[in-house]
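Trainee: How does the following fold in three dimensions:
(one chain, ligands or ions: 2)
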Amino acid sequence: MSARRIVVLGATGSIGRSACRVAKDLPDRVQIAGMSGFRNMARLAAAANELRPEALAVPDAAAEAELRAGLDYAPAHIFTGEEGLVRLASLPGAEMVLVAIVGTGGLRPTLAALQAGKDIALASKEVLVVAGELVMAAARRGGRRILPVDSEHNAIFQCLEGHEVRHVKRLILTASGGPFRTWAEDRLRAVTREEALRHPTWRMGEKITIDSATLFNKGLEMIEARWLFGLGIGSIDVVIHPQSIVHSMVEFVDGSVLAQMSHSDMRFPIQYALTWPERLAGSLPPLEFARLGKLDFEEPRYDVFPALDLARQAAGRGGVVPAALNAANEVAVAEFLAGRMAFPRIWEIVAGVLDETPDAPATDLETVLAADGAARRAAQRLAAV
Ligand code: NAD
Ligand code: MG
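Mentor: Ligands and ions are numbered 1, 2, ... in the order given. Have a look, this model is predicted:
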């Protein structure tokens, strides 16, 4: 079997770097044909020098010059700008595009890749939250697959293999609960940036780490699961599992439950998505159950962390409302990270924006992006008061 040629969008991020490690581990099976980076050109150059992709994409001419200065080979293409990301995502000869750009920046390249006949390995959950209907329709139209990289969805994907969706009773997403799982509610207003960025089980980019602390990450994942697996939001539940060993579960109509387990290392789901349907022996560490000792499960504190109910509400309203939820959350997280507001303001702003957002169907990309823009402006306004 020859190597699968893969484009990595967001190669300098946490997921992108894990994907590069998988590629280095399995050079006969995974070949990186393209990479994009956004801010850190030295890091992009170092990754490119190691894996020698034929195509790279960067935001502008200044970044291109900086990148070229760090490269020790001449790639066939260096694309620039948003258009450059779209061209990279459509690279001839690549079979699959790993989308690991944080936030909604991955949306257009994902649609372009599907249109160009690529399969998608999807890390950027925001893409499905914003435009799940459009992205799933584009995949169906082109007969392409969307392989989930998010660990929960990758787990469910594995548990569902060989099973029929009509036999599924519910999906159970596990959540670590984040750093404030056991904190008293009245302490949350004084939470610092550093405390919120200290995730107990996963090392990830800043945005998703804050989302894990508010539980919006799990809220976004409920909506992501709804699109990936075609189930109603009422069939998607959440349970807190602080050890992050069980990555998610599927309960079938007969009451049996299948779970997928591994260490909390994103190379597991990334490797599975990049090499599916193969399972390959790499360098990933095995679980030693006797050393784990025990696994705990508990009910989420819905009253203290409103993100789960807000996401359920947005999914129930449907149309452009999940796009508004996602956009408001992106703005609120950026405001919190910039030190301009208190931690609980994140969900207060999202709730405020949802109240202001009119219901409308997600008919096309323009409609969805307009709702995204309106929600961003509303969130900025609410954050300023
Ligand atoms: P990160 O912040 O570490 O990396 C983000 C990447 O996107 C970087 O390569 C950056 O250069 C690029 N980028 C940022 N803004 C961009 C823009 N406007 N245009 C183009 N590129 C841009 O983030 P991450 O933790 O790797 O997460 C990436 C995505 O994967 C997120 O959507 C996140 O929710 C999802 N995800 C991450 C993890 C994880 O363990 N890190 C797990 C599950 C899902
Ligand atoms: Mg996840």
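
Trainee: What's the local residue count around the closest residue in space to residue 336 that isn't next to it in sequence?
Mentor: Spatial nearest neighbour of residue 336, excluding adjacent residues (Cβ to Cβ, 6 or more residues apart in numbering): residue 346 at 5.6 Å. C-beta here means a position set from N, CA and C on the backbone, and glycine is covered the same way. By other Cβ atoms under 10 Å, the residues close to residue 346 number 27.

Trainee: do residue 50 as well
Mentor: 12.

Trainee: Kindly state the pLDDT recorded for it?
Mentor: If you check residue 50, the pLDDT there is 98.

Trainee: give me phi/psi at whichever residue of the chain sits closest to ligand 2?
Mentor: Residue nearest to ligand 2 within the chain (Cβ to the ion): residue 150, separated by 4.2 Å. The phi and psi values for residue 150, taken as degrees, to the nearest 10, are phi -50, psi 130.

Trainee: mind listing what it touches?
Mentor: 122-123, 125, 221, 224, 269 (Cβ atoms under 8 Å, 6 or more residues apart in numbering).

Trainee: partner strands of whatever helix or strand residue 6 lives in, parallel or antiparallel?
Mentor: Using DSSP states H and E, residue 6 sits within strand 4-9. Using DSSP bridges, the strands paired with strand 4-9 are strand 30-36 (parallel), strand 96-99 (parallel).

Trainee: who touches the last one?
Mentor: With Cβ under 8 Å, 6+ apart as the test, strand 96-99 has contacts from 4-10, 15-16, 19, 89, 106, 109-110, 113, 118-124, 127, 147, 149, 270, 273-274.

Trainee: from these, which ones fall inside strands?
Mentor: Within these, residues falling in strands by DSSP state E are 4-9, 119-122, 147.

Trainee: any idea how far residue 217 is from the residue nearest to residue 336?
Mentor: 12 Å (Cβ to Cβ, to the nearest Å).

Trainee: mind saving the C-alpha coords of stretch 258-267 as CSV?
Mentor: Below are the C-alpha coordinates for stretch 258-267, written out as CSV (Å, rounded to 0.1, in the frame of the first residue of the first chain):
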residue,chain,number,x,y,z
LEU,A,258,-19.4,0.3,23.5
ALA,A,259,-16.5,2.6,24.6
GLN,A,260,-13.2,3.5,23.1
MET,A,261,-10.2,4.0,25.4
SER,A,262,-6.6,5.2,25.1
HIS,A,263,-4.2,7.6,26.8
SER,A,264,-5.1,11.3,26.3
ASP,A,265,-2.8,11.9,23.4
MET,A,266,-4.3,13.3,20.1
ARG,A,267,-2.0,11.2,18.1
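
Trainee: And the helices in the stretch 151-300 of the chain?
Mentor: In the stretch 151-300 of the chain, the helices defined using DSSP state H, counting those that start in this stretch lie at 151-160, 193-196, 206-214, 216-229, 267-275, 289-292.

Trainee: Could you dump those into CSV with mean neighbour count, distance to residue 179 and mean pLDDT added?
Mentor: Shown next, in CSV, are these (neighbours: other Cβ atoms under 10 Å; distance: least, Cβ to Cβ, whole Å; pLDDT from 0 to 100):
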stretch, mean neighbour count, distance to residue 179, mean pLDDT
helix 151-160, 25, 18, 98
helix 193-196, 15, 6, 98
helix 206-214, 23, 6, 98
helix 216-229, 25, 12, 98
helix 267-275, 24, 22, 98
helix 289-292, 8, 21, 96
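
Trainee: ok, whichever residue of the chain sits closest to ligand 1 - contacts?
Mentor: Relative to ligand 1, the nearest point of the chain is residue 13 (2.0 Å; Cβ to the nearest ligand atom). Residues in contact with residue 13 (Cβ under 8 Å, 6+ apart) are 100-102, 205.

Trainee: Next, it: phi, psi?
Mentor: Here is the backbone geometry of residue 13 (degrees, to the nearest 10): phi -90, psi -170.

Trainee: Which helix or which strand is home to residue 129?
Mentor: helix 125-142.

Trainee: Show the average pLDDT along that helix.
Mentor: 98.

Trainee: Just confirm yes or no for that helix near ligand 1.
Mentor: Yes. Judged by Cβ under 6 Å from any ligand atom, helix 125-142 and ligand 1 are in contact via 125-126.

Trainee: do that helix and ligand 2 meet?
Mentor: No. Helix 125-142 stays clear of ligand 2 (Cβ under 5 Å from the ion), getting no nearer than 7.2 Å.

Trainee: where in the stretch 251-385 of the chain is pLDDT low?
Mentor: The model of the stretch 251-385 of the chain has no residue with pLDDT under 70.

Trainee: and it, which residues reach ligand 1?
Mentor: Residues of the stretch 251-385 of the chain lying near ligand 1 (Cβ under 6 Å from any ligand atom): residue 266.

Trainee: Of the contacts of residue 150, just say which sits nearest to residue 44.
Mentor: Distance to residue 44, by Cβ to Cβ, is smallest for residue 123 among those, at 17.3 Å.
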